[in-house]
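*Asks:* my questions are about this predicted structure, shown below with the sequence.
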Amino acid sequence: MTTVSVSLQQQADYRFEINFGENIPRLIADEPAPLGKGEGPAPAQLLAAAVGNCLSDSLLFALRKFKQAPEPLRCEVRAETGRNPEGRLRILGIHATITLGVAASSLEHLDRALAQFEEFCTVTQSVRQAVPVRVTVVDAHGLTLRDQT
């Protein structure tokens, strides 16, 4: 088992400095107004970024196993927020769209990589236990290759 650790130090109000460890730049996170001043990403944005980053990494790894070069990848993530039955603000769903940097036709074994990459995404599979996550993959020409919840 491995442990991932970060530390947060309050700077002012809802602004926190996040320390990820040695040799990794620190990050400022902050709630948007009216709670905070929006001087950094909000926690919901950090979660969306973590899901998108992990999915992108997983797809890149799956394609590179077959010695394919899909770069540069791009990922857009939308986290829908709303109220739960108790009226508390929650993330109700996440939709990540990964765009390959090349045409699908230029990649060998793409179908195999698309069929398995999500299973290796630690963050997305963990988040999916509580929040629906939809993943769409398109190629550089906008052709939808995968659209799955």
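*Replies:* Thanks, I have it. Numbers count the residues shown, from 1 in each chain.
*Asks:* give the buried residues for stretch 135-149.
*Replies:* V135, T136, V137, V138, D139, L145, R146 (16 or more other Cβ atoms under 10 Å). To be clear about C-beta, it is placed using only N, CA and C from the backbone, and glycine gets the same treatment.
*Asks:* contacting residues for the residue lying closest to the fifth one once chain neighbours are set aside?
*Replies:* Taking Cβ to Cβ, 6 or more residues apart in numbering as the measure, D139 lies nearest to A104, with 4.0 Å between them; neighbours along the chain are not counted. Applying Cβ atoms under 8 Å, 6 or more residues apart in numbering, we find A104 in contact with L110, D139, H141, L143, L145.
*Asks:* for the nearest residue to C54 once chain neighbours are set aside, what are its contacts?
*Replies:* Using Cβ to Cβ, 6+ apart and skipping the chain neighbours, the partner closest in space to C54 is V123 (3.8 Å). Taking Cβ under 8 Å, 6+ apart, we find V123 in contact with A50, V51, N53, C54.
*Asks:* same check on A48?
*Replies:* Applying Cβ under 8 Å, 6+ apart, the residues contacting A48 are V77, R78, A79, I94.
*Asks:* what about the helix or strand containing I91, distance to the chain center?
*Replies:* Assigned by DSSP states H and E, I91 belongs to strand 89-99. In terms of Cα atoms, centre = their mean, to the nearest Å, the centre of strand 89-99 is found 9 Å from the chain centre.
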